[in-house]
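Undergrad: Here is my input; please provide its structure:
(chains A, B, C and D)
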There are 2 protein chains.
Amino acid sequence: MNTTKKQSRMTRQKRVIMAEMEKACDHPDADTVYLRVKSKLPKVSLATIYRNLEDMAGKGKLLKLTGTTQKTRFDGRTDTHYHFHCVQCGRVEDTSVPPLKELSEYVAREVDREIWWHRLDFFGFCSSCRKTKQSVQGEV
Amino acid sequence: MNTTKKQSRMTRQKRVIMAEMEKACDHPDADTVYLRVKSKLPKVSLATIYRNLEDMAGKGKLLKLTGTTQKTRFDGRTDTHYHFHCVQCGRVEDTSVPPLKELSEYVAREVDREIWWHRLDFFGFCSSCRKTKQSVQGEV
DNA sequence: TTATTTGCAAACAGTTTGCAAATCA
DNA sequence: TGATTTGCAAACTGTTTGCAAATAA
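TA: Predicted coordinates for the structure are as follows:
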């Protein structure tokens, strides 16, 4: 639970990071952002990049394309199916959503790609956790 | 490029790991599998679990629910949209697939969940890499 | 017999954190 | 001035790897 009201102060680093993210169209990772910011502020540190990106994501200013799970999980079922992840208890459940074959074909045709596989993951509260909700940090 | 023809040898460890994965319905992570196998073979090591799960995934005997990207990436665009990941060059592109709102509602109703967000990722060769394909390891 | 697989520990990669110095308001 | 933010280095977590000993075929 985070009830601390922390106010934000504008810094040179923050300004450059925000500017870089606004013009970036390539979904850069933290290290790439670091390199770009470093070219303008040579003394910036990677930790500052991480701290600021995390912060911006928390404020909804950008999306964090994290792995869907912290740790890799393994699934004995190998046919195409999709998962639901409970953000509170961490449970992963199979859904009954049917394979989105046409969608895959559409994305393939879009700009002449070749799609090998796709994945669809839902996040939220499982039916048992709905009753006992706690805090959640906004993340995608 | 992996042209080595490595043959597989059945071991006690492998047998137990396979059995555990067959009966598991909870998408366990490597550490969880380790604990389960360890209860039958106390001397087993985590590295063996990783090696075998990796191997099984490579043979299509199970699905690896990896994060969608190795590193976290950040996206300045915050409206609901989906991504395509090129397995060769690593590029991440936005797709024009419209938001799957109804699908999310369907999954919510399925067993009375509360869906907060979802993500859909496509993997394959981008249009420029189609022409210069190299090897890819099977992974999901 | 001998190539494969294991257990162990050390290496790795990405990310986070503690802390004193710098800096924004 | 005084709280926030930084840079640095060290810590952490999940995963991989090198190597000698164990083992399946």
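Undergrad: And the host helix or strand of residue A:47, what's buried?
TA: Using DSSP states H and E, residue A:47 sits in helix A:46-58. Judged by neighbour count (16 or more other C-beta atoms under 10 Å in any protein chain shown), helix A:46-58 contains these buried residues: A:48-49, A:52-54, A:56-57. Yep, even glycine has a C-beta here, placed from its N, CA and C like the rest.
Undergrad: Which parts of chain A are strands?
TA: Counting by DSSP state E, chain A has strands at residues A:63-65, A:73-75, A:83-86, A:92-94, A:114-125.
Undergrad: Out of the buried residues of helix A:46-58, flag the one nearest to DNA strand D.
TA: Taking C-beta to the nearest atom of the strand as the measure, residue A:48 is the one of those closest to DNA strand D, at 3.2 Å.
Undergrad: The strands of chain A: which one's closest to DNA strand C?
TA: If you check each of the strands of chain A against DNA strand C by C-beta to the nearest atom of the strand, strand A:63-65 wins as the nearest, at 8.8 Å.
Undergrad: who in chain A is up against DNA strand C?
TA: Residues of chain A found near DNA strand C, taking C-beta under 7 Å from any atom of the strand as the criterion, are A:9-12, A:29-31, A:46-47, A:50-51, A:54.
Undergrad: Between the buried residues of helix A:46-58, which sits nearest DNA strand C?
TA: Ranking these by separation from DNA strand C, with C-beta to the nearest atom of the strand as the measure, puts residue A:54 on top at 5.5 Å.
Undergrad: How about the contacts made by the closest one?
TA: Contacts of residue A:54 were listed using C-beta atoms under 8 Å, 6 or more residues apart in numbering or on different chains, and they are residue A:64.
Undergrad: For chain A, which residues score under the pLDDT cut-off?
TA: Within chain A, the stretches with pLDDT under 70 are A:1-6, A:67-70, A:133-140.
Undergrad: domains for it, by residue range?
TA: Per automatic domain parsing, the domain ranges recorded for chain A read A:10-75, A:79-140.
Undergrad: Now stretch A:16-27: buried residues?
TA: Of the residues in stretch A:16-27, those buried (16+ other C-beta under 10 Å) are A:16-18, A:20-21, A:24, A:27.
Undergrad: Just confirm yes or no for that stretch near DNA strand D.
TA: No - against DNA strand D, stretch A:16-27 shows no contacts by C-beta under 7 Å from any atom of the strand, the least distance being 7.5 Å.
Undergrad: hmm, back to that, could you dump the residues of chain A next to DNA strand C to a markdown table with distance to DNA strand D?
TA: Compiled in a markdown table, the residues of chain A next to DNA strand C are given as follows (distance: C-beta to the nearest atom of the strand, whole Å):
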| residue | distance to DNA strand D |
| --- | --- |
| A:9 | 4 |
| A:10 | 8 |
| A:11 | 4 |
| A:12 | 7 |
| A:29 | 16 |
| A:30 | 12 |
| A:31 | 13 |
| A:46 | 7 |
| A:47 | 4 |
| A:50 | 9 |
| A:51 | 5 |
| A:54 | 10 |
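Undergrad: quick one: which of these is nearest to residue A:102?
TA: Taking C-beta to C-beta as the measure, residue A:102 sits nearest to residue A:29 out of the residues of chain A next to DNA strand C, at 31.4 Å.
Undergrad: Report the spatially closest residue to that closest one, excluding sequence-adjacent ones.
TA: The spatial neighbour of residue A:29 that comes closest, neighbours along the chain excluded (C-beta to C-beta, 6 or more residues apart in numbering or on different chains), is residue B:71 at 4.1 Å.
Undergrad: how near is that neighbour to DNA strand D?
TA: Going from residue B:71 to DNA strand D by C-beta to the nearest atom of the strand, to the nearest Å gives 12 Å.
Undergrad: For that residue, which residues are in contact?
TA: Counting by C-beta under 8 Å, 6+ apart, the residues that residue B:71 touches are A:29-31.
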